[in-house]
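> quick one, structure for this:
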Amino acid sequence: MNKVKKFLYSQKAAPYVFILPFVLTVILFWVFPIANGVLLSFQDVLKNKWVGMSNYKRLLSDTYFRKAVWNSFKYMVGTLVLLIPFPMLFASMLNSKLMKAKGFFKSVYFIPALTSVVVVGTIFRLMFGEMDTALANQILNFFGHSSIKWLKGEWTGYFALLLVACWRWTGVNILYFLAGLQNISTDLYEAASIDGATKWQQFKSISVPLVKPTTIYVLTISIYAGLSMFLESYMLWKGNNSPQNIGLTIVGYLYRQGIEKRAMGYACAVGLVLLIIVMIINIIQLALTGTFKKEER
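As a prediction, the model looks like this:
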């Protein structure tokens, strides 16, 4: 007992004791599932048979998988275009001394992120319904345009999906950028103002460069979130079978193969390919943004 106490209170052992829960969590919920997934991806689980690279070869010729990759990539690009520059601009406005009721607007922007995806998907599905009484069609009718079937067209469905993403995550990204902007010294803005710089010039030359670490973080998590999106699409189309698979994502295809068809080996191959795609894209963007470069002293 004394030896255990001595070990626990030892200064050398203390750091290892503190990080042990984290290490165990990573091993149990990250390393082990990935290792198990890799093994399963080389098997036909239902037949309990080792099939080697067959699952990966099947992926190369799978048109549904290619469709899912294209849909996920298209969604990711759309969210990057909309959910980085606009939240940064809104955060800059909230950070301004001229802005009133900042706490109220922060709350209003963040509320959508707290709303259940089930509720959000149901509301937006009704908004973009086929009937003339659907909100989106009422707006079209008001401007003299005939009603359309939003969720049956590839690009109209894509627009609805992006709108869901913007509604849910704009507030979250605003808070990220707001935290980064509040770390910038006000002296820089005051000096620029004295030199005659406009608000736009201050935003472009001070805010954007100095909030770069936050931008890289938001970019990284947005790439992952965009490629791994599933629930929004599932709820918007009321299932995993959208017309002509216009809402099928990589995770949606993984769900279709693993849960609906019980082809767990093939589903694991899909999941590992998704992991590799996310890692490659993020490593490239981190390299391009200079994250791996050593800071000059």
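
> burial of the nearest residue to residue 93 once chain neighbours are set aside, as a residue count?
Once flanking residues are discounted, residue 93 sits nearest to residue 99: 6.1 Å by Cβ to Cβ, 6 or more residues apart in numbering. The way it works is simple: take the backbone N, C-alpha and C, and place the C-beta from them, glycine included. The number of residues packed near residue 99 is 11, by other Cβ atoms under 10 Å.

> from residue 183, how far off is residue 99?
18 Å (Cβ to Cβ, to the nearest Å).

> repeat that for residue 258.
Look at residue 258 and residue 183: by Cβ to Cβ, they are 43 Å apart.

> what about residue 146, distance to residue 155?
Plainly put, residue 146 is 17 Å away from residue 155 if you go by Cβ to Cβ.

> isn't there a strand covering the residue nearest to residue 93?
No. Under DSSP: H, G, I helix; E, B strand; the rest coil, residue 99 sits outside any strand and is assigned coil.

> quick check, pLDDT for it.
On the pLDDT scale, residue 99 is placed at 78.

> and what of the one 4 residues further on?
Listed pLDDT for residue 103 reads 79.

> burial of it, as a residue count?
Neighbours of residue 103 (other Cβ under 10 Å): 8.

> quick check: it vs residue 109, distance?
Distance, residue 103 to residue 109, by Cβ to Cβ: 11 Å.

> do residue 84 as well
Here the criterion is Cβ to Cβ. By it, residue 84 lies 15 Å from residue 109.

> more neighbours: these two, which one.
Counted by other Cβ under 10 Å, residue 84 and residue 109 do not tie: residue 109 has more neighbours, with 20 against 17.

> relative to residue 235, how far out is that one?
22 Å.

> can I assume residue 222 is in contact with residue 84?
Yes. The pair residue 222 / residue 84 is scored as a contact, 6.8 Å apart, by Cβ atoms under 8 Å.

> hey, what's in contact with both of those two?
Counting by Cβ atoms under 8 Å, 6 or more residues apart in numbering, the shared contacts of residue 222 and residue 84 are residue 173.

> who has more neighbours, residue 258 and residue 183?
Under the neighbour definition other Cβ under 10 Å, residue 258 and residue 183 were set side by side, and residue 258 has more, 19 against 10.

> list the contacts of that one.
264, 266, 267, 268, 270.
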